[in-house]
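> Below are the sequence and a predicted model; questions follow.
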Amino acid sequence: MRTNRNHNLILASIVCLFVVFCFTFGALADQTTVNKEVLTVCVPVDRCPVFYLDDNKEVIGIGADLMRAVADKAGFEVEFRVMKEKTLKDALDNEEYDILIPFGSAIKSSSGQSSIVSDNLMQTPFTIVTVNHRNITSLNKIKVGMLKSQGGVAETISQMYPGMEINLYEKIDDCVKVLRKGEVDALLHNSYVWSYVLQKPSYKDLSAQTSTIFSMDFRVGTRDTAEGYDIIKRLNQGIDGLPDTVRQGIVLDYTSRKLYQYNFFDYIDEYRVVLLLGSLLFISLLIITQQKYRSFKLQQEQKMRELIDHDPLTGALSINGFRKKVVEILRNNPDTKYILSYNNIRDFKYINDRFGKEAGDELLTFWAKKSMEVMEDDEAIGRMEGDHFVVLRHAGGNTQLKKDENDVINHIRDFFINRNHDNKVRICSGIYVLTPEDYRNPDVDHMIDFARVAEKKVKENLKESYGFYNPDQWEKGMRSADIIGNLPLAIGSGEIQVWYQPQVNFETGKIIGAEALCRWNHSKLGWISPGEFIPVLEESGLVYDLDCFVWEKVCQDLQRWNGQGIHRTVSVNVSRSDIKEQVDIPNHFKELITTYGLTPDQIHIEITETAYAEDSALIIDASRRLREYGFEVEMDDFGSGYSALRMLKEIPVDRIKLDFRFLTANGDPEKGRIIVSYMIKMVNDLGMKLISEGVEELSQAKFLQENGCSEMQGYYFCKPLPVEDFEKFSEETITGLLKKEG
Ligand code: C2E
Ligand code: MG
Ligand code: MG
């Protein structure tokens, strides 16, 4: 037992001693750490992964870890300071720093102090980077860009490659800019740094040239002082004792990390295409949505408008819609003839009472539906109220009225009969024929009022079912329709003829020419005068067809007379609407005379005075060209319009055709004669030719001659004659006439 107790005591003493030993040793060891000398180390931090700041603003990196390991071995503790100076040379002069890294070799500070450097901590690879895969095979004789903070390294490299021109720049971005501009051939930097920097997406066009890699020493340096010397000496021992495996481990640790972190611009750069497509998609979606919204709104508005403009029961236009539609139709169809009718069912109240309101509504809907079936897009039907409908319809004459009676009215009449009731529906309609003023200034309410007046008259008269507000206009419209509709047939059938009215020289009694005037023996209307059908054809744009026929007929007659050895001259009328941009009138006449072998002097072209005033530019140009081709151009009806004397100066015509009738018809005849005499004098003085038309009496002829106008045309000499009679008309007739009058 005793022995056992002794054993326990010895064991406890050993444990106590061990604890005391451990404590003392630990305390000693702690004391050693505390007493380690602190080295202030200046490092640049713009070169990840060699030196950079982590998230806690601590200096880390391959260089930093190596430095720590070496210092540790040498018994130093390090305190890193971020290099504030622009270059290592400037930093070397700062006495706050005990040592600085990285040095390639010893350099002079900015103030000229010498430096000393440690042994090599590691070999660092240096690589050049070019833009667009440019290949550089030699490092001599090239211009490279480096960071300003690498001034020291740059100096070492300069010694290694004396032919290399090194330019220093503030930041990597500046270096890249000058490289892209071509101001330097390549950029030079630590390969580890490149492996980091080139991860930036916007540097995609840069590439490292591995064929030109070279090594640089990585040393610690300080000022060449006794203190510096001591530090370097101790550090060299540390470097010496640092195993290679530690060095490689540190390098591997940093180079295998994914250190580069994308900033906002990097993301933009990296996903440029995606972003662009995304933005385009977004904008397109925005536009589509906006357009969809707009068209939806338009549709809504359209629906609203349709609701306002339409009668919900019958589907016809409301009065408001009818007004708008009529104005629009007349604006768009100024050449179409229209009638506006006001229609109403006799005793509609009785129908409602007898068959019920629903049947009445059915009848109205049926009426509107039937009417719309026969109507064109440029026609309209509106419901005013109750059984009152207004209709705008093409003025198609009696045929149209008959057709409407069959297609619409008869069906309405028999609406109840077809449903086995003995009631005939009776409609009365008042019709207003639209006048030119209605197209110029459409007042729909006025037109409706006129049609309503006619409808009221019809209502009073139990026999009629329709009547006109303006029957003359209706007659006129129907005649116009007959003229327009028959023209093509009339031209070919001989209904239209060309007559000639001789033109004479009153002084010599000679026939100097003739005017071609057309005559129409209409199959339905009988003889109609050009005074009626020419304006209708002008308005409907058909006069050119008629004139072409007349001009050709004249040329045929002239050719025949030429063949008989009679060289005649004929004046033809050219309507103002013949001269338009689409047709080349001068050329047309030129071709005609070539076709019929005539000379241009055989055709005189008459253009009415008012045409010159209305559309002078086009007509003046046509006149000028006609004269160039050798035709004589005459200003017809001079004195009939608002002749401006200025026109005589500006318009290129050969002959003035005074209309004696217009000049003497109204007012004081004596004053008229004075005006005529002065006009003759003026035209003569201007050196223009002159002819007077409308000469009906000898006294007029004498007056004209006494005042200087001998060429005349008029009933006094001869009325327009059919061609056969004109051919027989001879100068003897005139001489006989003159002798008779003494
Ligand atoms: P305009 O060119 O001034 O023709 C003269 C008109 O005066 C003719 O009427 C002729 O018959 C008539 N006239 C001639 N002498 C006298 C007279 O002493 N007293 C009276 N009161 N009248 C006389 P017309 O043939 O009825 O022609 C009327 C107008 O129609 C013509 O006036 C002309 O502007 C036009 N016209 C006639 N034929 C044609 C044609 O083929 N083409 C075109 N574009 N217009 C034509
Ligand atoms: Mg004429
Ligand atoms: Mg005339």
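Sure, I can see it. Ligands and ions are numbered 1, 2, ... in the order given.
> hey, let's count contacts and neighbours off CA atoms from now on
Fine.
> Output the contacting helices and strands for the helix or strand harbouring residue 682.
Taking DSSP states H and E as the definition, residue 682 sits inside helix 669-685. The contact analysis (3 or more CA pairs under 8 Å, 6 or more residues apart in numbering; DSSP states H and E) places helix 669-685 against helix 660-665, strand 689-693.
> Can you name the residues of this structure sitting close to ligand 1?
With the criterion set to CA under 6 Å from any ligand atom, the chain comes near ligand 1 through 517-518, 529-531, 547, 550, 573-575, 637, 693-696, 713-715, 720.
> Check the helices and strands packed on helix 669-685 for me and report the most buried one.
Comparing the helices and strands packed on helix 669-685 on average neighbours per residue, with mean count of other CA atoms under 10 Å, the densest one is strand 689-693 at a mean of 21.
> Take the helices and strands packed on helix 669-685 and write them to JSON lines, including mean pLDDT and distance to ligand 3.
Supplementary listing: those in JSON lines, determined by pLDDT from 0 to 100; distance: least, CA to the ion, whole Å:
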{"stretch": "helix 660-665", "mean pLDDT": "73", "distance to ligand 3": "10"}
{"stretch": "strand 689-693", "mean pLDDT": "96", "distance to ligand 3": "7"}
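> ChimeraX command to pick out the buried ones of the residues of the chain next to ligand 1?
For selection in ChimeraX, the members of those meeting the burial criterion (16 or more other CA atoms under 10 Å) are listed in this command:
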select :517,518,547,550,573,574,575,637,693,694,695,696,713,714,720
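> Return the set of buried residues in the helix ranked longest in the chain.
Across the chain, the helix with the greatest residue count (assigned by DSSP state H) is helix 272-309. Residues of helix 272-309 classed as buried: 306, 309 (neighbour count, 16+ other CA under 10 Å).
> which regions of this structure lie under the pLDDT threshold?
Under the criterion pLDDT under 70, the flagged ranges of the chain are 1-35, 615, 641-644, 663, 740-742.
> how far does the biggest strand by length in the chain sit from the chain's center?
Within the chain, and with DSSP state E defining each element, the longest strand by residue count is strand 206-223. In this view, strand 206-223 has its centroid 62 Å away from the chain centroid, taken as CA atoms, centre = their mean, to the nearest Å.
> Closest approach to ligand 1 from the stretch 1-150 of the chain, which residue is it?
Nearest residue of the stretch 1-150 of the chain to ligand 1: residue 132, at 80.3 Å (CA to the nearest ligand atom).
> Likewise for the stretch 351-500 of the chain?
Counting by CA to the nearest ligand atom, the stretch 351-500 of the chain gets nearest to ligand 1 through residue 498 (7.2 Å).
> what's the closest non-adjacent residue to that residue?
Nearest in space to residue 498, with sequence neighbours left out and distances taken as CA to CA, 6 or more residues apart in numbering, is residue 518 at 4.5 Å.
> follow-up on the earlier one: the longest strand of the chain pairs with which strands?
On the basis of DSSP bridges, the sheet neighbours of strand 206-223 come out as strand 99-103 (antiparallel), strand 115-117 (antiparallel), strand 122-131 (antiparallel).
> List of residues touching the shortest one?
The set of residues external to strand 115-117 that reach it, using CA atoms under 8 Å, 6 or more residues apart in numbering, is 103, 105-109, 219-224, 228-229, 232.
> and what of the first one?
Contacts to strand 99-103, defined as CA under 8 Å, 6+ apart, come from residues 39-44, 63, 88, 91-92, 117, 152-153, 217-223, 228.
> which of these are buried?
Buried members of these, counted by 16+ other CA under 10 Å: 39-44, 63, 88, 91-92, 117, 152-153, 217-223, 228.
> Just checking the distance from the longest helix of the chain to the centre of its chain.
With CA atoms, centre = their mean, you get 19 Å for helix 272-309.
> Toward the C-terminus, what is the element adjacent to that helix?
Heading C-terminal from helix 272-309, the first helix or strand you meet, by DSSP H and E, is helix 319-332.
> Just after that following helix, pick out the following helix or strand.
Sequence-wise, the next helix or strand beyond helix 319-332 is strand 338-345, with elements assigned using DSSP H and E.
> Show me what counts as buried in the helix or strand that that next one is followed by.
Following strand 338-345 in sequence order, the next helix or strand is helix 348-355 (DSSP H and E). Neighbour-count burial for helix 348-355, with 16+ other CA under 10 Å as criterion, is recorded at 348, 351.
> List the contacts of the residue of the chain found nearest ligand 3.
Using CA to the ion, the point where the chain gets nearest to ligand 3 is residue 637, with a distance of 4.2 Å. Residue 637 makes contact with 608-609, 657-659 under the criterion CA under 8 Å, 6+ apart.
> Please apply the same query to residue 734.
By CA under 8 Å, 6+ apart, residue 734 lies in contact with 509-510, 717.
> Highest neighbour count among those residues?
residue 717 (22 neighbours; other CA atoms under 10 Å).
> Excluding sequence neighbours, find me the nearest residue to the closest residue to ligand 1 within the stretch 201-350 of the chain.
Relative to ligand 1, the nearest point of the stretch 201-350 of the chain is residue 335 (19.5 Å; CA to the nearest ligand atom). Take residue 335 and drop its neighbours on the chain: the residue closest to it by CA to CA, 6+ apart is residue 540, 6.9 Å away.
> how many other residues sit next to the one you found?
Each residue near residue 540 was counted by other CA under 10 Å, and the total is 14.
> and if you look at residue 49?
27.
> Excluding chain neighbours, what is closest to it?
For residue 49, the spatially nearest residue (CA to CA, 6+ apart) is residue 61, at 5.1 Å.
> what does stretch 550-562 rub up against?
By CA under 8 Å, 6+ apart, the surrounding residues in contact with stretch 550-562 are 497-498, 516, 518, 567-570, 572, 592-593, 596-598, 602.
> and residue 183, which of the three is it?
Three-state call for residue 183 (DSSP: H, G, I helix; E, B strand; the rest coil): coil.
> ugh, wrong one, residue 430
Secondary structure for residue 430, judged by three-state DSSP, is strand.
> Contact partners for it?
The neighbourhood of residue 430, defined by CA under 8 Å, 6+ apart, consists of 341-343, 451-458, 466-469.
> So how do I select the buried members of the residues you listed in ChimeraX?
Typed into ChimeraX, the line below selects the buried ones among the contacts of residue 430, using 16+ other CA under 10 Å:
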select :341,342,343,451,452,453,454,455,456,457,458,466,467,468,469
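> ok, and which of the contacts of residue 430 reach ligand 3?
With CA under 5 Å from the ion as the criterion, no member of these is in contact with ligand 3.
> From the residues of the chain next to ligand 1, which land in helices?
Secondary structure defined by DSSP H assigns 530-531, 547, 550 of those to helices.
> so can I have a markdown table of those residues showing distance to residue 84?
As requested, those are exported to a markdown table (distance: CA to CA, whole Å):
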| residue | distance to residue 84 |
| --- | --- |
| 530 | 108 |
| 531 | 107 |
| 547 | 101 |
| 550 | 106 |
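> from these, which two are the most distant?
531 and 550 (15.8 Å; CA to CA).
> re the thing from before, among the contacts of residue 430, which are located in helices?
With helices identified by DSSP H, the entries of those that belong to them are 451-458.
> re the thing from before, now the helices and strands packed on helix 669-685 in TSV, with distance to residue 583?
TSV is the format used below for the helices and strands packed on helix 669-685 (distance: least, CA to CA, whole Å):
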stretch	distance to residue 583
helix 660-665	31
strand 689-693	28
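> Which of these sits closest to residue 296?
Distances from residue 296 to each of the helices and strands packed on helix 669-685 were compared by CA to CA, and the smallest falls on helix 660-665, at 64.2 Å.
> Quick check on whatever residue of the stretch 551-700 of the chain ends up closest to ligand 1: phi, psi?
In the stretch 551-700 of the chain, the residue found nearest to ligand 1 is residue 694; the distance is 3.6 Å by CA to the nearest ligand atom. As for residue 694, its main-chain torsions (degrees, to the nearest 10) stand at phi 80, psi 30.
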